[in-house]
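[1] quick one, structure for this:
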Amino acid sequence: MAKSTYHHGDLANALVEAALKLVEQGGAEAVSLRDLSQSLGVSRAAPYRHFTDRDVLLATVAARGFEDLIVLYETALASPGGGRDRLRAVGRAFLDFATRRPGLYRLMFESDFLNRTPPPAVLLAPAEKSYRLLWKAVQGAYPDADEAEVKVRTLIMISTAHGFLTLDHVGRFKPFMYEPLSHQEMVEAVMQAAMGISP
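    Below is the predicted model:
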C-alpha cells in the first residue's frame, strides 16, 4: 500500500481536498471513492467511515465551493465605492469564480442536491448565505427598492448570469453572434445587464 498522503486523523478533510481537485479538473464524474482511497494510501473501506457514499462527499465538496464563494462576496461587499460599485464587484467575483472553477461551479449549481427532499444538510447554510449576500449587494445598489423589488432584481440577476454561463461553458456563443465585441466584452455586457446597472 502506498504511503499515506494525509495527516493522521484528518482523512475526511484529505478526501474533500482530493475530490475538490478532481472536480475542478474533470467534473464530478471524475470522483471515485475507490480511486481516492488508493491515491491517499488507505483501505477502500476507510473513506466510508467519514462519507457514507460518493454523493455525500460530493455534497461536502459543493458546500466547500459555496464557502469559497461567500468569502469572495464578503470581500467584494467590503470594497470601496458606492452600492453599485460593490454590486459590480460581487458580479465580477461570481463570474471569475465560475470561469476559473467550472467543474465546481457546475457541481454547485447544476447538480440536483438542493432539489432533494431533504437536501444534504451540509449544503443548506452556505448556499443560503451566498444567496443572502447577493441580496445584500442588490439592496446596497438599490437602497430605495422594497423587499419585493430586491428579490425580483436578485432573481433576474441569478437567472441571467447562470443561463449565460451554462450556454457559454458549452460553446454555444459563436464569434459571429457577438463580434465586433470581444468575448470578454460580451461577458461584461451580459453581466452588467444581469445586474441591471450601466457600465
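[2] what residues does stretch 77-86 touch?
    Stretch 77-86 is contacted from outside by A76, A89, V90, L133, K136, A137, Q139, G140, A141, Y142, P143, I197, using Cβ atoms under 8 Å, 6 or more residues apart in numbering. C-beta coordinates here come from the backbone N, C-alpha and C atoms, glycine included.
[3] what's near enough to touch the fifth one?
    Pointing back at K136 there. Counting by Cβ under 8 Å, 6+ apart, K136 touches L77.
[4] what's the answer for the first one, then?
    Shown in contact with A76 (Cβ under 8 Å, 6+ apart): R86, A89, V90, R92, A93, A137.
[5] helix, strand or coil for it?
    With DSSP: H, G, I helix; E, B strand; the rest coil as the basis, A76 sits in helix.
[6] pLDDT score for the spatially closest residue to it that is not a sequence neighbour?
    The spatial neighbour of A76 that comes closest, neighbours along the chain excluded (Cβ to Cβ, 6 or more residues apart in numbering), is A89 at 3.7 Å. pLDDT, A89: 94.
[7] circling back to that earlier point, restricted to helices, list the contacts of stretch 77-86.
    Counting by DSSP state H, the contacts of stretch 77-86 place A76, A89, V90, L133, K136, A137, Q139, G140, A141 in helices.
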